[in-house]
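Participant: Build me a model:
(2 chains)
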There are 2 protein chains.
Amino acid sequence: MSSVLLSRDLLEFQLFDWLQIDRDGDIDRETAMAMIEMASRLAEDAFLPHYRAADTEEPQMTADGATVHPTVKAALRQYAEMGLFGASFPEDLGGLGLPSALASGVHAIFASANVSTAGYAMLTGANARLITQFGTERQIEAFALPEIEGRWFGTMCLSEPQAGSSLADITTRAQADGEDEFGPRYRISGNKMWISGGDQDASENIVHLVLAKAAMPGEPLPQGAKGISLFIVPKILPDGTRNDISLAGLNHKMGNRGTTNCLLNFGENEGAIGWRVGEEGQGLAQMFMMMNEARIGVGMGAAVLGYRGYRHSVAYAKDRVQGRKLGSRDKASVPIIEHADVRRMLLQQKAYSEIAIAICLFCSHLQGQNSEESELLLGILTPIAKSWPSEFGLVANDLAIQAHGGCGYTRDFDVEQLWRDNRLNPIHEGTTGIQGLDLLGRKILRSDGAPLAALKARIAQTALQAEQGETFAPQARIVREYWAEIDATIEGLSAADGMTAYYDATLFLRAFGHAVAAWIWLDLSLSAERAGSPKRLTEARYVLRFFTESELPLARSWLSVVNQHLDTAALAPDEVFE
Amino acid sequence: MSSVLLSRDLLEFQLFDWLQIDRDGDIDRETAMAMIEMASRLAEDAFLPHYRAADTEEPQMTADGATVHPTVKAALRQYAEMGLFGASFPEDLGGLGLPSALASGVHAIFASANVSTAGYAMLTGANARLITQFGTERQIEAFALPEIEGRWFGTMCLSEPQAGSSLADITTRAQADGEDEFGPRYRISGNKMWISGGDQDASENIVHLVLAKAAMPGEPLPQGAKGISLFIVPKILPDGTRNDISLAGLNHKMGNRGTTNCLLNFGENEGAIGWRVGEEGQGLAQMFMMMNEARIGVGMGAAVLGYRGYRHSVAYAKDRVQGRKLGSRDKASVPIIEHADVRRMLLQQKAYSEIAIAICLFCSHLQGQNSEESELLLGILTPIAKSWPSEFGLVANDLAIQAHGGCGYTRDFDVEQLWRDNRLNPIHEGTTGIQGLDLLGRKILRSDGAPLAALKARIAQTALQAEQGETFAPQARIVREYWAEIDATIEGLSAADGMTAYYDATLFLRAFGHAVAAWIWLDLSLSAERAGSPKRLTEARYVLRFFTESELPLARSWLSVVNQHLDTAALAPDEVFE
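Facilitator: Numbers count the residues shown, from 1 in each chain, chains lettered A, B, ... in the order given. Below you'll find the predicted structure:
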């Protein structure tokens, strides 16, 4: 069986022929491909082999904290030795200085091999980036650099038992306690829930970035999101002593088990020591930087899980011989890839996962640019990069099981674990429902319209190019028409009564995601044509045909539901649910 | 928390107010409800408590065969003591003589509590029914009666390692070996795969119904489906000795683990002894009777898993306090059932699962009637009863996880297991793809049109009734219009070139399923109006509104894809999948 990991060819095509990440001369294709080659080998050798073991022998809670499978630790040490924790960081911070889309693509190879092991690196990178962006020089040196080296790992501590998605309601308290070389010092106390990597024995130290509300003893906590500040709270303090943080429990998850998921108690004794990052009250705004990076990371994880299921499915469908082709009088059985229904399941998986990868790489590419346009695009695309791969990568994994028949339902085949692992992604880092409210509210209806305008300008550009050619002109028209329907939907929603516009925000998100997906793939198809690779062009055409013929009609029906401004569920009386 | 099991109220409404199973005087409502009450108590006390244990402590393979969790055995013994293995069998065969829809509803209570334990009973009933239908008096007495008593369990042995869905290719051989009191005797040899309950230590004996091809040594096996015959092959022979059947392995499944799933080798030594049921070459036709009953049973299992996830979701959403209502300035957090997106997820789960239950009860009701109409309806509805609940019950379980947020992804909440358990249902007893080919091919395009005509006559009847009233007239028109679109689609497909009509058979199945679902719920809504229960009427209205407003537009888009007669995936060149 050929490799099931994210393929070098696909990355080369999307990064160079499409995104042209070498255009600014920051990287050349040869160097990049050598890096991708090395990463693929390490992923194959050190990440893939313990994919199943990290699931069956999940993290344990001991008196000393959480322990992970020893192979997890060994794999991440090799990852650190290759310098990959610092892949996207500048060289003066000890990083490799890779363009952000390349760094994202390289990380995605590891995620395709073992999403829960790679998860530690994803979180650590996003954590270090926040500190390098908002921290003081001393904070960067003390806390971010060891993360960039891969000796320490990072977490994000947001949720609390009483406040999952509603961060304004957190009650973790930070009490001012002087100032030292690391900045304004506080004593932190409170309980944090759902902390990925919250404890583990794979790194020398753990840098928690904790949201809390500053208040003196006896003082009430400041209300709402504006009262939230951000703190660096390391597991082991700079003087080598243990901070006042205890592991109160591990969550036992359905999948993604290799990444520990913890309930942490801060400050049960003298109060955990933490240093404020930035100003008081800036916590949530700063944390959004980390969250946004993590959201794209989650989307990419979901995308490559979908992709890997696709690769497994193709291998199985070529190998498994059963039944005859529809209408054939031939007596010999055929590989099941010959069956129309199986072939449809493969093309669907390919479309969802390769488009999802492209969306995430595009967003990572935007992260590396510092233009007004890239900011606007990133704002409106992040909820899509998080939710669309999470939703359709999971559908792809469902189809991968179906394409395997009974085998897909057994633990002898990886597709069942891929499906379980991927089910996390529509939940963490902001549920799909939250992404829908973010897109429709903050990014569209309650914004000044600039993010959507920036996106539409890009789409118009792609469509124009496509319509000037011959190969994709019909599909370009379909994509443009569908975007016009999105416009009309938004116009209708902006005129809707009260909160009605938001009742179907989740469905709007899905429909908008399909519009982005169609545009992205059209744009990428133009690159395939330019690149002159017959194979890439054929693939691009078939995926684009499938998507415009079979998926956009569905997306239109989602819009038609949104356009009704229904309040049936929202206003259904309680007795309906009794 | 109120019970999460299939509710007595729902069953009472669907069985009596809607299906009117007491119309013929075979049962009175009071007796039936007492039976449902008793069953609910037993399900709650003996089936529900080991739901999780049967998953975590799965069946083991020992030198002596497969062992199941001891609670499984104890629960099924109590089930037998209540006479429930014989629920739907006539009293002269030792059964309780319940109307088939009532028997199905009673069984569904147990499936909602513990689908894998209840699975043994479902298979045993379908097995015994086949023997009572096609077996000789002596075969019935020797093999079916102990199953009806619940002392012996039954299996269906169809698939083989090289032949899953394509039964024509089986190679299990049956060699004539004289005749005795149990009928024509054969020696059976071959390997059977995916056998649910194929071995276990919960019953005194196991009655395997085995498909095999009769041939003398050296003779080639008869080709194709017409060469298949059916044999009774008990684990323990009537003389008390072990038959030549060995357990070659257990499959380790993602869910539904309490039901063993076995690879069985028949006749590795002297040949397993089996007795033919019916004539040579009649095997597949006879087995279809058992398969059809099992398909409706699988659909019902999927439906009640969806329903139970819904009940868990409602309980959680009422209990969990977080965030504020959209647009509210109130500072207090609210139970998440107040959030529009959560409420939509609840209504969606309710619609899918309660409609799915109704479809399955309707089919079970048809099984108990012996009219030409009921035969025709059952033929065309069985693929729907199998596939629609399997597909949308699973969607319901996915929504149940989402409604639970992070908790839903942990093994502390049953919804994750429900989702894993339910994932089996689109696969076994004929995958969704197979159901699509069955519906579109055998039941529609290649039939004389009678099954569809019978169904449409019933639908017209319901629509007419609804349009004569006021309450549901608008929805009735929507349902009728959608059925007209189905008609147009079928007309188009019947004129399609070559095999193109079948390329999207799976999507056609889904669209047809939604048409059936809409009709079934409209019909049931009329009963709710007649019954005069304000609560039932409110529920029926909201589900019907939701389904016609939010689901039928989606179904229309599926039809619009089918109507294009696409061959994109089927004819995509191999290089697309490389």
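Participant: got the residues of the stretch 251-400 of chain A near chain B?
Facilitator: A:251-255, A:314, A:318, A:321-324, A:326-327, A:331, A:333, A:337, A:339-344, A:346-348, A:350, A:398 (C-beta under 8 Å from any C-beta of the partner chain). C-beta here means a position set from N, CA and C on the backbone, and glycine is covered the same way.
Participant: Apply the buried test to those residues and list what passes.
Facilitator: Listed as buried from these are A:251, A:253-255, A:314, A:318, A:322-324, A:326, A:333, A:337, A:339-344, A:346-348, A:350, A:398; burial here means 16 or more other C-beta atoms under 10 Å in any protein chain shown.
Participant: shouldn't residue A:395 be in contact with residue A:351?
Facilitator: No. With contact defined as C-beta atoms under 8 Å, residue A:395 does not count as touching residue A:351 (10.5 Å).
Participant: between those two, who's got more neighbours?
Facilitator: Per other C-beta atoms under 10 Å in any protein chain shown, whichever of residue A:395 and residue A:351 has more neighbours is residue A:351, with 24 against 16.
Participant: wait, doesn't the more buried one sit right on residue A:549?
Facilitator: No. If you go by C-beta under 8 Å, residue A:351 and residue A:549 don't touch, sitting 11.0 Å apart.
Participant: residues contacting the residue in the stretch 101-250 of chain A that chain B sits nearest to?
Facilitator: Distance from chain B to each residue of the stretch 101-250 of chain A (C-beta to the nearest C-beta) is smallest for residue A:166, at 3.9 Å. Contact partners of residue A:166, counting by C-beta atoms under 8 Å, 6 or more residues apart in numbering or on different chains, are B:322-324, B:333.
Participant: again, but for residue A:39
Facilitator: Residue A:39 is in contact with A:82, A:84, A:106, A:109-110, counting by C-beta under 8 Å, 6+ apart.
Participant: what's the longest helix in chain A?
Facilitator: In chain A, with assignment by DSSP state H, the single longest helix is helix A:283-319.
Participant: hang on, residue A:485 in a strand?
Facilitator: No. Read with DSSP: H, G, I helix; E, B strand; the rest coil, residue A:485 is helix and lies in no strand.
Participant: Got the confidence number for it?
Facilitator: Predicted confidence (pLDDT) for residue A:485: 98.
Participant: That one: how many residues sit nearby?
Facilitator: By the criterion of other C-beta under 10 Å, residue A:485 has 17 neighbours.
Participant: again with the one 4 residues further on
Facilitator: By the criterion of other C-beta under 10 Å, residue A:489 has 19 neighbours.
Participant: Next: the one 5 residues further on.
Facilitator: Residue A:494 sits with 13 neighbouring residues when counted by other C-beta under 10 Å.
Participant: for residue A:198, same thing?
Facilitator: Around residue A:198 there are 28 other residues, counting by other C-beta under 10 Å.
Participant: same thing with residue A:214?
Facilitator: 22.
Participant: separation between it and residue B:557?
Facilitator: Using C-beta to C-beta, to the nearest Å, residue A:214 is found at 52 Å from residue B:557.
Participant: Residue A:439 too?
Facilitator: 22 Å.
Participant: The two: which is more packed in?
Facilitator: More crowded of residue A:439 and residue B:557, by other C-beta under 10 Å: residue A:439, with 27 against 22.
Participant: Apart from its neighbours in sequence, what residue is nearest that one?
Facilitator: Closest residue in space to residue A:439, ignoring its immediate chain neighbours: residue A:383 at 4.2 Å, by C-beta to C-beta, 6 or more residues apart in numbering or on different chains.
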